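Q: Sequence plus the predicted model coming up.
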Amino acid sequence: MRSFTDIFIKHPVLAIVVNLVIVLVGARALFNLPVQQFPSVESSSVIITTYYTGASAETVRGFLTTPIERVVSQISGVDYVDSTSRAGQSTVTVHLKLDHNSTDALAEITARLQQVRSELPADAEPPVVDVQRADRPYATFYLGFTSPDRTVPELTDWLSRTLQPQLSTLTGVQRVTYEGAQPLAMRVWIDPDRLAARNLAPGDVHDALRRNNYLAAVGQTKGNLVQVNLLANTDLRAVKEFENLIVADRDGAIVRLSDVARVELGAEEAAMVAKYNNQQSVYLGVWPLPGSNEIEVEKHLRAEMERIEPTLPADIEMRLVWDGTMFMRSALEEITKTLGETVLIVAIVVFLFMGSVRTALVPLVAMPVSLVGAAIVMIAFGFSLNLLTILAIVLSVGLVVDDAIVVVENVERHVREGKSRIDAALAGARELAGPVVAMTITLATVYTPIAFQGGLTGSLFLEFAITLAAAVVVSGLVALTLSPVMSSRFVHEHGHETKLTVLVNRGFDAVRRGYEKLLDGALGMRWGIVAMAALVTLAAWPLFMYSRQELAPVEDQSHISLFFEASPDSSLVATDRDSQNVVKALTAFPEADFMWSLTAAWGGYGGLVAKNWKERERSTEEMFGEVYGAVSQVPGVRVYPRLDPPLPTPGQYDVEMVVQNDQSIEELLATTQAVLDAGMASGKFLYVDTDLKIDLPQARVVLDRERLADLGLDLAGVGRELGTLLGGAYVNRFNYFDRSYKVIPQIGDKDRATLDPLLDLKIKTPSGALVPVSTFMHIESETGPRTLNRFAQRNSARIFGGVQPGVTKDEGLRVLEAAAKKAGGENVLIDYAGESRQIRHESAALTATLGFALIMIYLVLAAQFQSFRDPLIVLLGSVPLAISGALVFTFLDMTTINIYSQVGLITLVGLIAKNGILIVEFANTLQERGVEKIAALREASLTRLRPVLMTSAATVFGHFPLVLVSGPGAEARNSIGIVLVTGMIVGTLFTLFVVPVFYTLIAADHRKHGPQQEETKPQIAGIPTAQPV
């Protein structure tokens, strides 16, 4: 019977042209693919920050956070909303659903904020809206600048005028931001005593600045022939001009600003201090465009730094303090190296099994054609070269040769039986057209459910699945077009084989004879084999349940993140001092390269950058426990270290669980404390803590309303007067060398260092008299929460922790969940944030995907075999047994159940099913030729033994480098490699015996569908078998 493969064998030029076109187009596509660490995933958060200087946390929550939360929670595409309210600042974070368009969300949020603006206090600043990547809310690159001769404000101003605009124009750069900067400001330090001596109040200074520092747009004159622009010097630009500003005229005596205040060109209140190895710096954060080639951006940035270096002032030093592509570049180099090793190993294995370089070339040529051909699909779908797509290419190396191996082995078998090479190629290709199509579709189909899974896992592994499926499909095309043509030319004529080929054939003949005896034994004890297979299959469930589970294995990224928390009453100066001790403790580690930090009064964050992987003996995970031990001894600040997450997930800690209730803060705190105690008692955490802490010293100003009424004062007026002295809010702006900066009146630090001097401050009554504020108010000390937090518009406490080395995040999360349910009962709702949210929402997704993949393969095989029984033989006789074999090694803790190992299990389903397809399809063919079922099954098993062993060996040895690989990103590749190699070995052994047994019990008698007469058949072990054609 003719087949479409005959066309290519008879027209070899056509086959060569088809494959050359694939290579040429694929190579062009390959060089145009962008390079990234992970596939592009839009995981965005919209952060709304509103400042209300001087307001308490309760006021901020009630008048800023609550109305903003209410309106932004109603927009489309929102996953959840959380918020933090602290004194003077409201932060509402809108976490968008994965791959939701952040531009659309930003436009809708901005419109909603305009609607609610009238509800916000008039004195509050307008909300500032910013979009950040939820998985990486920081820049990819940070440049640090230091100068011994310039202050931080001066350095900030120089950077804003020179380098910041210059770096913003680099190819692939979205924006450049500051960290640790202090913008210039005109500071008006009011002297309360001098102000009172002139019978003036703080409001007089505020009004004078507001009225007399005014940017006027006067207009222009217009005549018939000439027009002139009019300029007015209504604004103030220099310190001297501010000092000469008239505040009041007292009976002809002019009171200037310099009479009641000290004016200086200073800086805004420092919010954060940036340091590099304890040396104060200003950082410029460089943010690449979403989807850009970050490695190319890094090259452009370094080239620009080389151009900038000679032009820098002598006192300014520049360095690249953080390179977010360092791990990416190293991991890509390592996985590319693994790819090369895999190709070499597969080539050697194929050669050894073929025994001839000429014959081995047939499957080896299929390798580059298939891999390059996959690039066509990648660029068509807008994919990139990243860790996952390159991993797919590495895995495909051991797969794309399978179909070609089967073809060339079958052609070689026909040659050994006496056919010419052309006739053997025609017959062999005809026999395998159906099986190759079935195997290709089966393996490609197994990845289809991943592409439609959704969530973070689906978004990340979509490119992986389609890339691997594309390579497999192209390999099937090569096997049916080019491989038969090459086999008809390259396979040795019978009797002209090389000595190595003869030796290999003898070896396989010996293996076949041994297998024949074992197969007869298995067929003689079929129900025993069935019972054993059932037991192995049932063992899969406990092996899975008792294996450790996590979202992804921890990877050594040469970086340990650190989060600082200072005492609640700490100042920026005190926190900065304590954080310096953290830096000293960590830079003493022999593995440490340097440390960066960003410190605020409340705490801060930083990172320990370790030396190159080749320059140290310990991994960051091995260092982690010792790092925590060192930082836990530093007084004045609590430090929470964390290993960077292996996947682009949001969050700051290993475990983040949110506890919610509608009860009081005190009751919520009691529940939270019980969870913390249980977490530490479990022994699974290095630390566990919460953001709900009621230990912030506060001073409540209590006003006597009746006394205020007697004095003719009102609450609004008193609030404005005190705000001018204490709040630090800006009045307006001034022009300084073509840039605008804030004008900020405030009393000096010494006048607000303690509470007592505040009662001596004076304000003016409507009668013009000055009265001390102690006349109508007093101060009560109290303790309140550091921040007021809400999650989904409910009072909440976030419980976070860092797990012990060797403990998975899932294990830690289970401990906290059980403790929260026990402590809070039905009154407590549990939700998740950060990576924990992904763990809980997606941990079971891949298990369901595995089940869906099995259903898809069953349906594909049913269509191929035109039977609902034959697919059961393939799947039941191999797939669950291979999965159980792989799960033994997860149970033994050689790896964990994670998204990589689960993808490995899904891949294993398609790989091991291919072996069963080869046996079942050929047995059916023999039956259709009239051979009795048992005899057909034996002959099919013996005939297909060699291709099964060859393809399995190519897969096992091809993927074995993944098991042994080390270096950046090795943990993920180890995980998928262990599952594939072990599962393939165990599955292949079971396939060779269990599939034949199941065939005898389940398969239909296909002889009634074929010729009624039997062909002449030789005797094999006393049982008639068919002579394959």
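A: Looks like it came in fine.
Q: Skipping its backbone neighbours, what lies nearest the residue nearest the centre of the chain in space?
A: With distances taken as CA atoms, centre = their mean, the residue of the chain nearest its centroid is Pro648 (0.7 Å). Among residues not flanking Pro648 along the chain, Asp135 sits closest, at 3.7 Å (CB to CB, 6 or more residues apart in numbering). Every C-beta, even on glycine, is put in place using the N, C-alpha and C of the backbone.
Q: ok, now how distant is the one you found from Val72?
A: Asp135 sits 21 Å away from Val72, going by CB to CB, to the nearest Å.
Q: now do Pro34
A: Taken as CB to CB, the span from Pro34 to Val72 is 33 Å.
Q: Check Tyr546 too.
A: To Val72, Tyr546 is 44 Å away according to CB to CB.
Q: swap in Asp756?
A: Counting by CB to CB, the gap from Asp756 to Val72 is 42 Å.
Q: These two - which one has more neighbours?
A: Val72 (23 against 9; other CB atoms under 10 Å).
Q: need the contact list for the more buried one.
A: Residues near Val72 by CB atoms under 8 Å, 6 or more residues apart in numbering: Val46, Ile48, Val78, Val81, Val92, Val94, Ile109, Arg112, Leu113.
Q: before we move on, back to that, looking at the residue nearest to the centre of the chain now. What's its pLDDT?
A: Reading off the confidence values, Pro648 has pLDDT 80.
Q: can you give me the mean pLDDT across the helix or strand harbouring Trp527?
A: Following DSSP states H and E, one finds Trp527 within helix 526-538. Helix 526-538 comes out with an average pLDDT of 93.
Q: right, and the helix or strand after it?
A: helix 540-545.
Q: Who are the packing partners of the helix or strand following that next one?
A: Helices and strands here follow DSSP H and E; after helix 540-545, the next one along the chain is strand 559-566. Packing partners of strand 559-566 (3 or more CB pairs under 8 Å, 6 or more residues apart in numbering; DSSP states H and E): helix 572-587, strand 592-599, strand 603-610, helix 620-631, strand 637-643.
Q: Enumerate every residue touching Tyr736.
A: Leu184, Arg237, Leu265.
Q: The helices and strands packed on strand 559-566 into JSON lines, with extra columns for distance to Met305?
A: Below are the helices and strands packed on strand 559-566 laid out as JSON lines (distance: least, CB to CB, whole Å):
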{"stretch": "helix 572-587", "distance to Met305": "24"}
{"stretch": "strand 592-599", "distance to Met305": "17"}
{"stretch": "strand 603-610", "distance to Met305": "18"}
{"stretch": "helix 620-631", "distance to Met305": "27"}
{"stretch": "strand 637-643", "distance to Met305": "29"}
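Q: Tabulate those (TSV), appending mean pLDDT, mean neighbour count and distance to Met525.
A: Below are the helices and strands packed on strand 559-566 laid out as TSV (pLDDT from 0 to 100; neighbours: other CB atoms under 10 Å; distance: least, CB to CB, whole Å):
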stretch	mean pLDDT	mean neighbour count	distance to Met525
helix 572-587	91	19	64
strand 592-599	90	22	63
strand 603-610	90	22	57
helix 620-631	90	18	48
strand 637-643	91	23	52
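Q: Could you say which one of these comes nearest to Gly987?
A: helix 620-631 (31.4 Å; CB to CB).
Q: Could you list every helix and strand in contact with that closest one?
A: So helix 620-631, by 3+ CB pairs under 8 Å, 6+ apart, packs with strand 559-566, helix 572-587, strand 603-610, strand 637-643, strand 685-690.
Q: Turn those into a markdown table, columns for distance to Arg416.
A: A markdown table is the format used below for the helices and strands packed on helix 620-631 (distance: least, CB to CB, whole Å):
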| stretch | distance to Arg416 |
| --- | --- |
| strand 559-566 | 59 |
| helix 572-587 | 68 |
| strand 603-610 | 58 |
| strand 637-643 | 57 |
| strand 685-690 | 65 |
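Q: of all the ones you listed, which lies closest to Thr951?
A: With CB to CB as the measure, strand 637-643 is the member of the helices and strands packed on helix 620-631 nearest Thr951 (38.7 Å).
Q: Pass me the low-pLDDT residue ranges in the stretch 801-950 of the chain, would you?
A: Applying pLDDT under 70 to the stretch 801-950 of the chain flags the ranges 843-844, 846.
Q: How are the strands of it distributed by residue range?
A: Assigned by DSSP state E, counting those that start in this stretch, the strands in the stretch 801-950 of the chain fall at 829-832.
Q: Show me where this protein dips below the pLDDT cut-off.
A: Using pLDDT under 70, the chain drops low at 1-2, 291, 494-498, 843-844, 846, 1007-1029.
Q: Domain-wise, how is the chain divided?
A: 5-37+329-494+509-551+843-1024, 42-134, 141-183+268-323, 186-264+713-771, 559-695+787-840 (automatic domain parsing).
Q: Just send those back as TSV, with distance to His778 too.
A: Output for the domains of the chain, formatted as TSV (distance: least, CB to CB, whole Å):
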stretch	distance to His778
domain 5-37+329-494+509-551+843-1024	54
domain 42-134	17
domain 141-183+268-323	27
domain 186-264+713-771	8
domain 559-695+787-840	21
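Q: Burial-wise, tell me which of the ones you listed comes out on top.
A: Among the domains of the chain, domain 5-37+329-494+509-551+843-1024 has the highest mean neighbour count (mean count of other CB atoms under 10 Å), at a mean of 21.
Q: returning to that earlier point: which two from the contacts of Val72 end up farthest apart in space?
A: Val78 and Leu113 (14.5 Å).
Q: In contact with Ser83, which residues?
A: Arg61, Thr65, Ile68, Glu69, Ser90, Thr91, Val92, Thr93, Asn789, Arg790.
Q: Partner strands of the helix or strand hosting it and their direction?
A: Assessed by DSSP H and E, Ser83 sits inside strand 78-86. Strand 78-86 sits in its sheet next to strand 89-96 (antiparallel), strand 788-791 (antiparallel), going by DSSP bridges.
Q: Good, we can wrap up now.
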